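Predicted model and sequence follow; I will ask about them next.
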Amino acid sequence: MPRHFTLLLVLSAMLFACTGIQAEDHGDKAIDKVKVAIFTGQNNHGWMMDTPVLEDILDDHKIFDTTVLQTPDRKDPDKAAKWQAFKPDFTKFDVIVLNYNGEMWPDHIKKGWVDYVAGGGKVYSFHAGNNPFKGWAEFEQMIGLLWRGNKDGKRVYFDDEGNKVVQDEGEGPGAGHGSQHAYVVDTKDNEHPVFKGLPDQWMHAKDELYHGQRGPALNMTVLLTAYAEPKTRGTGVHEPIVWTIPYGDGLIMTNVMGHWWKNQKDGPALACAGFQTIFTRSIEWLATGKVTIEKPDDFPTKDAVSVRELKPFEPLAYIHVPGVPGSDPMASCDCSPQTQPGFVPAWVQFADMLKPLPGESTAEQR
Ligand code: ZN
């Protein structure tokens, strides 16, 4: 009992401390902060790790006020009721970062999403955010190029002269990527506010380079491309990396950078100073139409990556350890090791299960 009482006292003190910090934050809000929501909770990737890291990257700039919208877990036995009770008000946010690659949303969330974007909302699709929702026409129109087979839409790439090439359904490869590596990205529009003042070419840290993405590809403005070298099992053409598509009064920016698998404790793609810079500048631009975030001194060059140390973070969810009855590699739980012994951060389990193979076979990864 005395020990519990002490714990309560500590918790109360922490609660007061938190309240104090929040009040101070509100005091700072004379300048309207950009309200950002990261939508996550299901993803074949390490959403429970990369989400707090994306939050940290935004929080380095005082202009963002970031919230996480976390869906019910895919394996939650009560998920049907929880989905019905999950009613995020998208209109409260200037930009929604889509870090979700899971089951189809219930109709009320789909409707809220379409209404939000059509009514002027802004979306930033992060890495596997272009993977889900096959057959949801409005979503596929918003993203333009998705992780789909080669019969599921057009393909867009660029030749060595920078000319746009459109392949029809059934022609050329479907969605995939070669082995992970650092690669040079090329700016298609160096007058665009997000890319103005940055080098036309720079080396992105080790990541997947998506190729053969498919979809309706309507009204796309491609802003960044990368040459997918055959020696890393790429397509030998310049693949779209960042692009925008208007939808109603809204705008969607897709960036396929940012691979962080569940067996990775650290994510070099997110530690890249170049990724962090274009990510934060893009969110600011989507929200305000302007960019005030300056090019940092450690921005990568064409010849060298620039990787920052990520701050320590608390994963948003934990995973069953192997051998626990009923455990599932994809199952996660919104609980902590403190309250639920037997649950561990995803990478602890996956590090043992998914050792890198010679030549880095990534066939089952997206
Ligand atoms: Zn990936």
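Thanks, I have it. Predicted model only: the values in this text are computed from it and were never measured. Residues are numbered from 1 along each chain as shown.

Please make it C-alpha for all contacts and neighbour counts, starting now.
OK.

buried sites along stretch 188-197?
Judged by neighbour count (16 or more other C-alpha atoms under 10 Å), stretch 188-197 contains these buried residues: 188, 190, 193-195.

Dump those into CSV; add distance to the ion and secondary structure as well.
Compiled in CSV, the buried residues of stretch 188-197 are given as follows (distance: C-alpha to the ion, whole Å; DSSP: H, G, I helix; E, B strand; the rest coil):
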residue, distance to the ion, secondary structure
188, 24, coil
190, 27, coil
193, 27, coil
194, 24, coil
195, 24, coil
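
which one of the residues you listed sits closest to residue 107?
Residue 107 lies nearest to residue 194 out of those, by C-alpha to C-alpha, at 33.9 Å.

I'd guessed residue 208 sits against residue 176; true?
No. The pair residue 208 / residue 176 is not scored as a contact, 9.3 Å apart, by C-alpha atoms under 8 Å.

circling back: need the buried residues of stretch 188-197 in a markdown table (columns: pLDDT).
Below are the buried residues of stretch 188-197 laid out as a markdown table (pLDDT from 0 to 100):
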| residue | pLDDT |
| --- | --- |
| 188 | 97 |
| 190 | 96 |
| 193 | 98 |
| 194 | 98 |
| 195 | 98 |
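
so which of these comes closest to residue 314?
residue 194 (29.8 Å).

My guess is the closest one contacts residue 286. True?
No. Taking C-alpha under 8 Å as the contact criterion, residue 194 and residue 286 are not neighbours in contact, 9.5 Å apart.

Strands of the stretch 51-200 of the chain, residue ranges please.
In the stretch 51-200 of the chain, strands defined by DSSP state E, counting those that start in this stretch lie at 64-70, 95-98, 122-126, 155-158, 164-167, 176-177, 181-187, listed in chain order.

Of all the ones you listed, which one comes closest to the ion?
Between the ion and the strands of the stretch 51-200 of the chain, the tightest spacing by C-alpha to the ion is seen for strand 176-177, at 8.9 Å.

by contact count, what packs against that closest one?
In terms of contact count using 3 or more C-alpha pairs under 8 Å, 6 or more residues apart in numbering; DSSP states H and E, strand 176-177 is assigned the packing partners strand 210-211.

Make TSV out of the strands of the stretch 51-200 of the chain and add mean neighbour count, distance to residue 50 and mean pLDDT.
Converted to TSV, the strands of the stretch 51-200 of the chain look like this (neighbours: other C-alpha atoms under 10 Å; distance: least, C-alpha to C-alpha, whole Å; pLDDT from 0 to 100):
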stretch	mean neighbour count	distance to residue 50	mean pLDDT
strand 64-70	18	12	97
strand 95-98	25	12	98
strand 122-126	26	10	98
strand 155-158	23	28	98
strand 164-167	14	32	98
strand 176-177	22	20	97
strand 181-187	20	19	98
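
mind putting these in JSON lines, distance to residue 83 included?
What follows is the strands of the stretch 51-200 of the chain, written out as JSON lines (distance: least, C-alpha to C-alpha, whole Å):
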{"stretch": "strand 64-70", "distance to residue 83": "11"}
{"stretch": "strand 95-98", "distance to residue 83": "17"}
{"stretch": "strand 122-126", "distance to residue 83": "21"}
{"stretch": "strand 155-158", "distance to residue 83": "34"}
{"stretch": "strand 164-167", "distance to residue 83": "38"}
{"stretch": "strand 176-177", "distance to residue 83": "31"}
{"stretch": "strand 181-187", "distance to residue 83": "38"}
